[in-house]
Structures are given as C-alpha cells and as structure tokens.
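Student: kindly generate the corresponding structure for this input.
(one chain, ligands or ions: 2)
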Amino acid sequence: MEFSGGCLCGAVRYRGRDPMGGGHCHCVDCRKASGTGHGSHMMVRQDAIEVTGEVKFYESPADSGNTVRRGFCPTCGSAICSTNSGMPGVTVIRASSLDDPEVFKPQMVVYAARAASWDPVAQGLPAFDGMPPQERRPS
Ligand SMILES: [Zn+2]
Ligand SMILES: [Zn+2]
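Tutor: Numbers count the residues shown, from 1 in each chain. Ligands and ions are numbered 1, 2, ... in the order given. Now for the predicted structure:
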C-alpha cells in the first residue's frame, strides 16, 4: 500500500509504501512534541520511504537509553518523522502528517499510564503502562 504526506506549509513531502503498523504513545516527550496528549506513530522501512525538503532533527534520549531523533519542518514546525537508535532501518512517520490519516492502523497504546485526563487512551487497543515487554528471542 502506498501513502503520502507532508508538513503544513508543504516544504517537506514524503511518499512511502507498506506501512508496518504502529501505535499511540502518551509519553511526556511525545505529548510535548505533539500539540496534543500523545504522538501517533506509523512505522515504515527506511528504504520504503522518500522524504523531500529540509527536515530538522531534535535528538533526545528515550527511557530505554536509545537516542530518539524527532524530525520536523523548520518553517512550520510540523512533526514529520522520527528514528530510534534501537530500531535501525526503521523510520517512524507521525500519523498527523499523512495526507490520508486513515492509512494509519494503530495496534497498541504505550505509556498509557501517563495519559492526560483530557486525552483518554484509545479504546479497543492493547495498552501498556510503559513500553510493551520485550519478546523473548528463541535461543
Ligand atoms: Zn512546513
Ligand atoms: Zn513517546
């Protein structure tokens, strides 16, 4: 499935394919960067998305110790995408920047314990207080 999106002013645009799902995050960093109570994140392989225009990045540490880089348009400030050093090869698109927001099919809610009372956790999705427990790898 193909999708497209961009920032509010149009200086940043992207086209991608085959989204891998994602979810809503109510962590403090996502709230502060979002303009509302949570960030909505859609994962896609880095080689399945092409971004045009200048994206500025803000780097900060995640609870896990990984580095999160949050990309935004330097002109209009719209959140576009992010990467996490713990997920190499993956770009995380902000669902808010999609041209067709229905492309995003959220699968879970993370940091649900930190949700603000005025932005309740989405119903009908698995919700985790923090990050979901890591899957055990077969040895
Ligand atoms: Zn812009
Ligand atoms: Zn978050």
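
Student: so which bits of stretch 108-127 are buried?
Tutor: 108, 109, 110, 111, 112, 114, 115, 121, 122, 127 (16 or more other CB atoms under 10 Å). Quick note: C-beta positions are derived from backbone N, CA and C, even for glycine.

Student: hmm, residue 12 is touching residue 77, no?
Tutor: No: with contact defined as CB atoms under 8 Å, residue 12 and residue 77 do not form a contacting pair (10.9 Å).

Student: among the buried residues of stretch 108-127, name the ones in strands.
Tutor: 108, 109, 110 (DSSP state E).

Student: distance of the second one relative to ligand 2?
Tutor: Spelled out, that is residue 109. Distance, residue 109 to ligand 2, using CB to the ion, to the nearest Å: 11 Å.

Student: and that residue, bridged to which residues?
Tutor: Counting by DSSP bridges, residue 109 is bridged to residue 24, residue 127.

Student: can you pull up the bridge partners for the most centrally placed residue in the chain?
Tutor: What sits nearest the mean C-alpha location of the chain, by CA atoms, centre = their mean, is residue 41, with 2.6 Å. Bridge pairing for residue 41 (DSSP bridges) gives the partners residue 23, residue 94.

Student: quick one: which of residue 12 and residue 77 has more around it?
Tutor: Using other CB atoms under 10 Å as the criterion, residue 12 and residue 77 rank with residue 12 on top: 25 against 13.

Student: nearest spatial neighbour of that one, skipping sequence neighbours?
Tutor: Nearest residue to residue 12 in three dimensions, chain neighbours excluded: residue 53, at 3.8 Å (CB to CB, 6 or more residues apart in numbering).

Student: can you check residue 11 too?
Tutor: Residue 11 sits nearest to residue 53 (CB to CB, 6+ apart), 4.7 Å away.

Student: cool, and residue 115?
Tutor: Closest to residue 115 by CB to CB, 6+ apart is residue 26, at 4.2 Å.

Student: now residue 4: which helix or strand?
Tutor: Residue 4 is located in strand 2-6, with elements delineated by DSSP states H and E.

Student: which elements pack onto that strand?
Tutor: Identification of packing neighbours for strand 2-6 by 3 or more CB pairs under 8 Å, 6 or more residues apart in numbering; DSSP states H and E yields strand 13-17.
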